[in-house]
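**Student:** Got a predicted model here, sequence first, then my questions.
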Amino acid sequence: MRLSQYDYSKNGYYFVTICNKDRTCCFGDVVNGDMVLNNAGTMVDDMWNRLSKKFDHISIDHYIIMPKHIHGIIIIGSGNTTGEHMGSPLHHDGTNANVGADPRACPNEKTMGMSQIIQWFKTMTTNKYMHGVRAYDWKPFDKKLWQRSFYDHIIRNECELNKICEYIINNPGEWENDELYEA
C-alpha cells in the first residue's frame, strides 16, 4: 500500500487514516455533527498525542478520532521542507530521493518512518483497549483492534495541506455520508 521506493522516514507532511478491524463504533459517536468520544476514544486521543513525545522527530497537526477510524497529519522532521513538494519522493531534478539508501540500516527513534510510528500507536492502543475490555466493559474485539496497515497520503504542497485540514475539521459533520457509516 505504500509508495514503492519512497523513504517514509523522510521529512515531510503525511496524512494517515487508520481504521479499526471490524469497523465497529468503538471510539464514540457523532452527535449533531460533533464527535463525542467515549472512554476508548479518549484513550486513543491520549495515545495519538503521545506520538510526538515518544518520537521527538515528529509533530502532530490536525486530526480527528471518528467512531471507527482516525484521520491525522503527522509531520516528520522540523516541518521546514524546501521546494513545492513537501515530502516528495523525487529530488527537484526528478531523480529518486532514495537512491543510495542502505536498506539494511537499523532505524532508531530519530529516523523511524511512518510504518514504525503507526505500529507503535496500534500496539499501545490495543494493549490499553484490551485492559479497558477487561476492566471497564469496553466493546470487545475479535483478535485485532486495528485493520492491517493504514492509508497514507504524502502531502506535497500547502494547497493539499489546507484541503486535508478542512476535510479533517469537517469530517464529523459528513459522518452520515462516510463510506464507513452504517445507520
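**Tutor:** Received it, and whenever you're ready, just let me know what you need.
**Student:** Could you use CA atoms for every contact and neighbour count after this?
**Tutor:** Will do.
**Student:** residue ranges with poor pLDDT in this structure?
**Tutor:** Scanning the chain for pLDDT under 70 picks out 1-9, 78-111, 178-183.
**Student:** can you map out the helices along it?
**Tutor:** Using DSSP state H, the helices of the chain run over 39-54, 114-136, 158-170.
**Student:** what's the shortest one in contact with?
**Tutor:** Under the criterion CA atoms under 8 Å, 6 or more residues apart in numbering, residues 15, 62-64, 71-72, 155 lie in contact with helix 158-170.
**Student:** Centroid-nearest residue for this protein?
**Tutor:** Central residue of the chain (CA atoms, centre = their mean): residue 16, 3.8 Å from the mean position.
**Student:** Tell me what it is bridged to.
**Tutor:** Counting by DSSP bridges, residue 16 is bridged to residue 72, residue 152.
**Student:** dump the residue contacts of it.
**Tutor:** Taking CA under 8 Å, 6+ apart, we find residue 16 in contact with 71-74, 150-153.
**Student:** Residue 126 too?
**Tutor:** Residue 126 is in contact with 144-146, counting by CA under 8 Å, 6+ apart.
**Student:** Counting neighbours, which of these comes out on top?
**Tutor:** With neighbours taken as other CA atoms under 10 Å, the top of those is residue 145, carrying 22 neighbours.
**Student:** which residues does it contact?
**Tutor:** Per CA under 8 Å, 6+ apart, neighbours of residue 145: 20-22, 126.
**Student:** gap between it and residue 160?
**Tutor:** Using CA to CA, to the nearest Å, residue 145 is found at 30 Å from residue 160.
**Student:** How many neighbouring residues does the closest residue to residue 151 other than its chain neighbours have?
**Tutor:** Leaving out its chain neighbours, the residue that sits closest to residue 151 by CA to CA, 6 or more residues apart in numbering is residue 17, at 5.0 Å. Residues contacting residue 17 under the criterion other CA under 10 Å number 17.
**Student:** going forward, begin numbering at 23 instead of 1
**Tutor:** In the new numbering, first residue 23, that becomes residue 39.
**Student:** was I right about residue 39 contacting residue 171?
**Tutor:** No - judged on CA atoms under 8 Å, residue 39 makes no contact with residue 171 at a distance of 9.6 Å.
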